[in-house]
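1. Below are the sequence and a predicted model; questions follow.
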Amino acid sequence: MDILNEPPSKPKDEADVRVGRRVRALRLERRLSLAELAAKTGISIGALSQIERGMSSLRVKVIWPLAAALDIEPSALIADGGDAVNDLYCVRADKRRSIPVKSEGIAKALLSPPGATLTGMLVMVEAGGGTAEAYAHAGHEFGCVLAGEVELVVDSTKYLLKAGDSFAFKSTLLHAFRNPGGEQCRILWVNTTKPSEVRDGA
């Protein structure tokens, strides 16, 4: 068949694309492959791939098994763009996931969406809080102090950083941090290593 005479492909529907991105984001967030999700739902890998790429509408008969496999309410899959839900490319402020930490006085919220190459975090260090010990891991990191102050130690060198100060270093260098001030310190922290791959003291 002459390719020039083939009927034009159907343009993607914006709602289908949005839903597809949401399904992919939820799948990646739960660390499921397409094959694993297909096994859980009874939906073929090809059909799931088409849904994720916005090439196919989400039919009623697949909404329920998909929602059950992803452990969410069916309505969360088809919520319109105005709802505060996460996407493959964005994370809503009230939908951030917490990252488990071992040290006292430290809390981490994940800012980057599932599947992102970079891991963005909001690190909150209470007054007197900090890492239990210096640690190192693969990757690189960058940070900017948003509020308060932090004492950062990198490769045995100590830095006292305040709001507006920033830093960057190889994660393979031993590093640690603590809040010597009297108020909470908030840091925008970006890492090239996935949260699940970091085995550190924080």
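-> Received, thanks. All values derive from a computational prediction rather than experimental measurement.

2. domains of this protein?
-> By the assignment in automatic domain parsing, the chain contains the domains 3-78, 96-197.

3. what's the model's confidence in the shortest one, averaged?
-> Read that as domain 3-78. When pLDDT is averaged along domain 3-78, the result is 81.

4. Give the bridge partners for H175, please.
-> Beta-bridge pairing for H175 (DSSP bridges): Y135, V154.

5. ok, it touching E151?
-> No - applying CB atoms under 8 Å, one finds H175 not in contact with E151, separated by 11.4 Å. Just so you know, the C-beta spots here come from the backbone N, C-alpha and C atoms, and that holds for glycine as well.

6. could you pull out the helices for the chain?
-> For the chain, the helices defined by DSSP state H occupy 14-29, 34-41, 45-52, 60-70, 74-78.

7. Of all those, which one is nearest G115?
-> helix 14-29 (4.4 Å; CB to CB).

8. Could you tell me how many residues sit around E104?
-> The number of residues packed near E104 is 11, by other CB atoms under 10 Å.

9. residue contacts, the nearest residue to it once chain neighbours are set aside?
-> Spatial nearest neighbour of E104, chain neighbours left out: G129 (5.9 Å); criterion: CB to CB, 6 or more residues apart in numbering. For G129, the contact set (CB atoms under 8 Å, 6 or more residues apart in numbering) comprises S103, E104, G105, I106, R178, N179.

10. residue contacts, the closest residue to H140 other than its chain neighbours?
-> Nearest non-adjacent residue to H140, counting by CB to CB, 6+ apart: T192, 4.9 Å away. When contacts are counted by CB under 8 Å, 6+ apart, T192 touches T117, L118, T119, G139, H140, E141, S171.

11. circling back: among H175 and E151, which residue is more densely surrounded?
-> Comparing H175 with E151 by neighbour count (other CB under 10 Å), the higher total belongs to H175, at 24 against 17.

12. Tell me how far the more buried one lies from T157.
-> 10 Å (CB to CB, to the nearest Å).
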